[in-house]
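*Asks:* sequence plus predicted model, see below.
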Amino acid sequence: MEEEHSQDYLFKIVLVGDSAVGKSNLLARFARDEFYASSKSTIGLNFKLKKLVIDGKEIKAQIWDTAGQERFRAVTAAYYRGAVGALVVYDITRRPTFENVSRWLSELNSHSDMNVVTILVGNKTDLKESREVSTEEGKALAELESLFFMETSALESHNVVAAFETVVKEIYDILRRKVLQSQENKKENLSLGNAKTLALEGGKSNTVEEAGRMGNCCAY
């Protein structure tokens, strides 16, 4: 049987936000199409891999959950290191979780070693009768901070896949634009045979595949 050749892109994506906003269930729904009604706060290291195909390319999203550290404000720099995407999650039924979004964005920006594609996610739309944060407020904050925005329900599987795919597709599009720029830049002689090349800071270059693996794709 003919071996199928696929390019292996690996993008690290982090989930951040207050405890009990539904981060772990968003991840479970996206990665395994599961939901845990009585789930407790995540304890210990937790990340999952999910394969997606975008423009015929195989993408591996390595998605990290905060492992309960957010309860103690102990999310470390190592958690963010190498991340090229982020979902900042709040609970639409608990206004304080929305008010804390700015703190999570500040922490993300402080600890990340590159610009991170970020989507603001208002979770638990299935609890409409208990809503404390309007859709308009979420959109306004996202526009103010130049973020993508989406409301989701991990319980009903509403917009969960779309939220993650929005981030992954934008990361890939940035990577693709980097490749096109490097190909058009005739001043930089970075040709590596027939491999596509990507110009990085510091005078280094990597194939597009290596850049995706190393998380350097989005230093734009």
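*Replies:* Okay, I see it.

*Asks:* for this structure, what's the longest helix?
*Replies:* Longest helix in the chain by number of residues (criterion: DSSP state H): helix 160-184.

*Asks:* rounded mean pLDDT for it, please.
*Replies:* For helix 160-184, the mean pLDDT works out to 90.

*Asks:* residues making contact with stretch 130-150?
*Replies:* Contacts of stretch 130-150 with the rest of the structure, by C-beta atoms under 8 Å, 6 or more residues apart in numbering, involve 88, 90, 92-95, 98, 101, 105, 117-122, 151, 159, 162-163, 166-167, 170. Where you see a C-beta, it was placed from the backbone N, CA and C, and this is true even at glycine.

*Asks:* pull out the buried residues from the longest helix of the chain.
*Replies:* Buried residues in helix 160-184, counted by 16 or more other C-beta atoms under 10 Å: 160, 163-168, 170-172, 174-176, 178-179, 182.

*Asks:* Asp18 sits in which helix or strand?
*Replies:* For Asp18, there is no helix or strand it lies in under DSSP states H and E.

*Asks:* got phi/psi on it?
*Replies:* In terms of degrees, to the nearest 10, the main-chain angles of Asp18 are phi -60, psi 160.

*Asks:* what do you get for the one 3 residues further on?
*Replies:* With angles defined as degrees, to the nearest 10, Val21 sits at phi -90, psi -10.

*Asks:* I figured it hits Tyr90, correct?
*Replies:* Yes - with contacts counted by C-beta atoms under 8 Å, Val21 reaches Tyr90, the gap being 5.6 Å.

*Asks:* need the residues touching each of the two.
*Replies:* 97, 123.

*Asks:* looks like Leu10 contacts Glu58 (just checking).
*Replies:* No - taking contacts as C-beta under 8 Å, Leu10 lies outside contact range of Glu58: 10.2 Å.

*Asks:* the two: which is more packed in?
*Replies:* Taking other C-beta atoms under 10 Å, Leu10 and Glu58 do not tie; Leu10 has more neighbours (17 against 13).

*Asks:* shouldn't the more buried one be within a helix?
*Replies:* No - per DSSP: H, G, I helix; E, B strand; the rest coil, Leu10 lies outside any helix segment and is strand.

*Asks:* distance of it from Ala140?
*Replies:* 34 Å (C-beta to C-beta, to the nearest Å).
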